[in-house]
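Novice: Structure here, sequence nowhere to be found:
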């Protein structure tokens, strides 16, 4: 990791934002789904599907945009299965989510295998060429602002998309009738039904939206921030998203704050891990004696401590996790 | 003119409605009377498009209308206030109304809605804050929001499904003129109830349903109250016969002295307990009247030990309960909780298991910690017989039973061991007349056996008919009354917070 | 028939036991069996169809899969050995879910159990005969898993952190704790990877059938399943756990010590998972890696497939074990297909089962009652005593 040319603070802030971006993206979708009363613990699997679909489609088509589109569509397709099982067949959401996770591990593994073998058989490179994946986009003029420039205005496209999406979702949830419907779906579906609003259709739409968000977040991991795929590349980030939504008490500012906190601690621990051997400060030397696994553990411990020390969490949407039977 | 013609509906083998016809004129308040299960709600659900009838049709102003969904019903001007409100507690009044009657999916025009709500509320002389969360409103206010919701979409016909079941007497007194003023404005009101007095006070015409059949329809004055009750109930007697209270109550079983509970944290909305003095003797029923939310729940929780008290003493049979573990304490009371399904029964378990929830520890029913399944089943069969619980067998899940039979099972479980102290909260809520009579008789019988009964009940008439002594709970305080030496109205005023001296 | 287990009923306030599919009765069982077999056939066909479309010999793969799963004595034993950790994590999820406690943390509890097991047989060996060392290691592993689960219960009770959430987070904490230990005090001498040294052969669980993988842990796991079936279904204690899980407010009212029972549910659940970890280390792998499988998460699926009933879970675990063993056989064969395809089968089976059981429930739906009740039970996070 090269941090020359930037101050440590800028570097950390930039890393934080980069780590938080996929979490915010996937979190927005999950938040909307949970507001309508559907909890999808398969978000990890949806992200993984996005990772592999984005990577393979980008590799085959040679276009990052195609990869992103494929990631979004694949994750939406998987989310559609989840929606069919939980919303239309009224099956248990937790169990269906767990099934989606298992399915995604299998499907992505199989797809990765097929991708590798077909590419090798055609004597083509398995890895993405440098021109295929996304590069970060520096906004003209703004990116030269000190500190904020590199942190906020020289990021991957999906970062800008996530910021805009967060604003849009916030506007939608709190200032439109659609938002009132979304919140009512999880709070009192019977009120929606009485108003002639189809609970199942709306919930399905919310779950598909969550799928699209998770797919985009997955693509961010495999074709933007890195240009690689690994079978465990989501590494539990879907579960992290799930807890951050609850951590943020089902509010968008809360979610974003949680993602930044988590991303911050994560990039801090990564930086500490890499710099403690090269730095000359005694503090850094002292850190060398701490196994790096404890740094990796840090975000989860902080999340737990935050949940335990902040006042009791709000119970969330009343019908969260409950199927609606017409 | 709204006309229902030959409406029939069956659920499986049960004929819920049989050939019902009814014509309702605009601006008329039409009462629909009937016991629970008589078909009132089914009929209204058909009119509102929630259920399709098997046969029959609905005409509005001469035209046949197919009410396929609530949306269609609203479009043709039918609004319904359900017994269980269809409101989202986490949303504001404005948002709830926008949800129900809004058409667009764009930005919420809060100002427009606020104005419309306030205008309508003023017409009915109601104060409604459009920006408060529905969950923060009390039941009466929520009902007003529901009525406004039904009218805001341009409703000409308003169905009120058991609107008074959830209200205090004072709120009922406020609702009735509001309904009259709606009728004067040309709105047809269909008022469903099983309380005779309210219907005769309010309605222009009444229709009486019994077991899915229309047994009477006509102007209110045509039949006397006694005749209406006769038709509603068939041959069943309306007034339960209760055993007389024992002449001399025994020793004090339950004693609360200067019990105070702090207001927890920032949720300081609910009044808790303020210097409660209370005693219940063997062989007497002490009734606690009061509008809900004045600390009755806290009182129960304090006695059972799930709410820690700050000061004061709670004694059971002369023993201080304060330092006993919560679960040991709970084992010493029989308790008929208010929320039968949430706190009294495990709905997914069998009737047998629910009947054994108190006694499974007895050596009679377990050996070395192993359950004696045969003894369980024998005991369950015995209770089903002696408490007349109607069920398809001891292994059916309790949720398959009707509300009345669920309550019978709960009472069988709690009272079968002849407990010395019984706590009961709203034990007849939601029950029909037959089941209500059964419950009241069981409590009276328990008193005859020397049980000390603390009865917290929101139905003032039943409470007064059963209690030996009556106290009123208001804002966390408990006031003694001189019942039966004082008038019912005095107790009603005390429930509203008028100081006992002034009352 | 056992009176305490919920029979199938619908159209009433949602209850957790029903949500997780706990039902009984011979007819229901036969229906479930046919549905399960149908789901299995469907998912296997689906995967084979995909492989056929990709140009692989579907029938050949199926043949090898079956041979690999149960073709001979050795493969059968391997399947059961593969099932063993799944059975125990499945029991962990089953015990908790059956009581309405959403313990997603079997993964972490499994890992800590494995860690305790490996620690007490490599670095911190107590003086004594090997059987005693192994017994202590296994017991300590169960307790470690149990305590890790109880931590989540405590966090919920005293700090209001929902168990679903804390167990997920604790899984990650456990993962890195284990890796730290395997990098630190428990690291093997000859490697830089997070890896423990190998157990001495005397501390391996004895093989009961010669030349196979059938180790002592397998009958142990099945005995645990049997014991749990007995405790949950036939004792007052099991009855109290059930009430506490299904409706803590009722349990409170009738004088069940709810707090203790809630801890007991989590402790029992965690014990099963921890035991699974130790049995896997002592019986199969004989050393521990930083990446020690996903048995905890798969256990949730096993529990569902077994309808939260200990005996059903045993059947489901054996089936999953066969899927895994068979797919590894395919991977090692000339076809070299990745063994992850077993996960596709598992995922599709669960989803198909969910849909089918929803369909079964709809068939037994009762007529609409006159007065509909509002749902009284809420999401698990609100369940507090």
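Specialist: Perfect, I can see it now. Computed from a predicted structure; not experimentally measured.
Novice: Just the helices from the stretch 101-250 of chain A, written as ranges.
Specialist: With DSSP state H, counting those that start in this stretch, the ranges of helices along the stretch 101-250 of chain A come out as A:148-152, A:157-175, A:177-187, A:189-194, A:199-219, A:237-247.
Novice: Which of those helices sits closest to chain C?
Specialist: helix A:237-247 (4.8 Å; Cβ to the nearest Cβ). To be clear about C-beta, it is placed using only N, CA and C from the backbone, and glycine gets the same treatment.
Novice: So which residues lie in contact with the helix or strand just after that closest one, not counting its own?
Specialist: For helix A:237-247, the following helix or strand on the C-terminal side (DSSP states H and E) is helix A:252-275. Residues outside helix A:252-275 that contact it (Cβ atoms under 8 Å, 6 or more residues apart in numbering or on different chains): A:1, A:3, A:8, A:11-12, A:15-21, A:23-24, A:27-28, A:31, A:166, A:169-170, A:173, A:240, A:244-245, A:247-248, A:284, A:287, A:292, A:295-296, A:298-299, A:302-303, A:306.
Novice: Also stretch C:33-49?
Specialist: Identification of contacts with stretch C:33-49 by Cβ under 8 Å, 6+ apart yields C:58-59, C:61-62, C:305, C:319, C:341, C:344-349, C:352-353, C:356-357, C:360.
Novice: Please report phi then psi for the closest residue in space to residue C:209 that isn't next to it in sequence.
Specialist: For residue C:209, ignoring the flanking residues on the chain, the nearest one in space by Cβ to Cβ, 6 or more residues apart in numbering or on different chains is residue C:77 at 6.1 Å. Torsion angles at residue C:77 (phi, psi; degrees, to the nearest 10) stand at phi -60, psi -40.
Novice: Skipping adjacent residues, who's closest to residue B:375 in space?
Specialist: residue B:365 (5.0 Å).
Novice: quick one on the thing from earlier: in CSV: the helices of the stretch 101-250 of chain A, plus mean neighbour count and mean pLDDT.
Specialist: Output for these, formatted as CSV (neighbours: other Cβ atoms under 10 Å in any protein chain shown; pLDDT from 0 to 100):
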stretch, mean neighbour count, mean pLDDT
helix A:148-152, 18, 78
helix A:157-175, 17, 93
helix A:177-187, 25, 92
helix A:189-194, 24, 87
helix A:199-219, 26, 96
helix A:237-247, 27, 86
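Novice: Kindly reformat these as JSON lines containing distance to residue A:225.
Specialist: As requested, the helices of the stretch 101-250 of chain A are exported to JSON lines (distance: least, Cβ to Cβ, whole Å):
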{"stretch": "helix A:148-152", "distance to residue A:225": "15"}
{"stretch": "helix A:157-175", "distance to residue A:225": "9"}
{"stretch": "helix A:177-187", "distance to residue A:225": "30"}
{"stretch": "helix A:189-194", "distance to residue A:225": "38"}
{"stretch": "helix A:199-219", "distance to residue A:225": "10"}
{"stretch": "helix A:237-247", "distance to residue A:225": "12"}
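Novice: Can you classify whatever residue of the stretch 201-350 of chain C ends up closest to chain B by secondary structure?
Specialist: Per Cβ to the nearest Cβ, residue C:255 is where the stretch 201-350 of chain C lies closest to chain B, at 3.4 Å. Classification of residue C:255 using DSSP: H, G, I helix; E, B strand; the rest coil returns coil.
Novice: give me every residue that touches it.
Specialist: B:327, B:328, B:329, B:330, B:331.
Novice: Count the neighbours of the third one for me.
Specialist: Summarising burial for residue B:329: neighbours were counted as other Cβ atoms under 10 Å in any protein chain shown, giving 19.
Novice: Nearest spatial neighbour of it, chain-adjacent residues omitted?
Specialist: Excluding its sequence neighbours, the residue lying closest to residue B:329 (Cβ to Cβ, 6+ apart) is residue B:305, at 4.3 Å.
Novice: Show the pLDDT at residue C:273.
Specialist: Residue C:273 is assigned a pLDDT of 96 by the prediction.
Novice: these two touch, right, it and residue C:104?
Specialist: No. Contact criterion Cβ atoms under 8 Å: residue C:273 and residue C:104 do not qualify, at 11.1 Å.
Novice: Let me know the distance separating the residue nearest to residue B:375 from chain A.
Specialist: According to Cβ to the nearest Cβ, to the nearest Å, residue B:365 and chain A sit 33 Å apart.
Novice: any idea which helix or strand carries the spatially most central residue of chain C?
Specialist: Nearest residue to the geometric centre of chain C (Cα atoms, centre = their mean): residue C:90, 1.7 Å. In this assignment (DSSP H and E), residue C:90 forms part of helix C:73-98.
Novice: circling back to that earlier point, may I see the PyMOL selection of the buried members of the contacts of helix A:252-275?
Specialist: Here is the PyMOL command that picks out the buried ones among these, judged by 16 or more other Cβ atoms under 10 Å in any protein chain shown:
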select buried, chain A and resi 3+11+12+15+16+17+18+19+20+21+23+24+27+28+31+166+169+170+173+240+244+245+247+248+287+292+295+296+298+299+302+303
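Novice: what about the closest residue to residue B:496 other than its chain neighbours, distance to chain A?
Specialist: Excluding its sequence neighbours, the residue lying closest to residue B:496 (Cβ to Cβ, 6+ apart) is residue B:170, at 5.8 Å. Separation of residue B:170 from chain A (Cβ to the nearest Cβ) stands at 27 Å.
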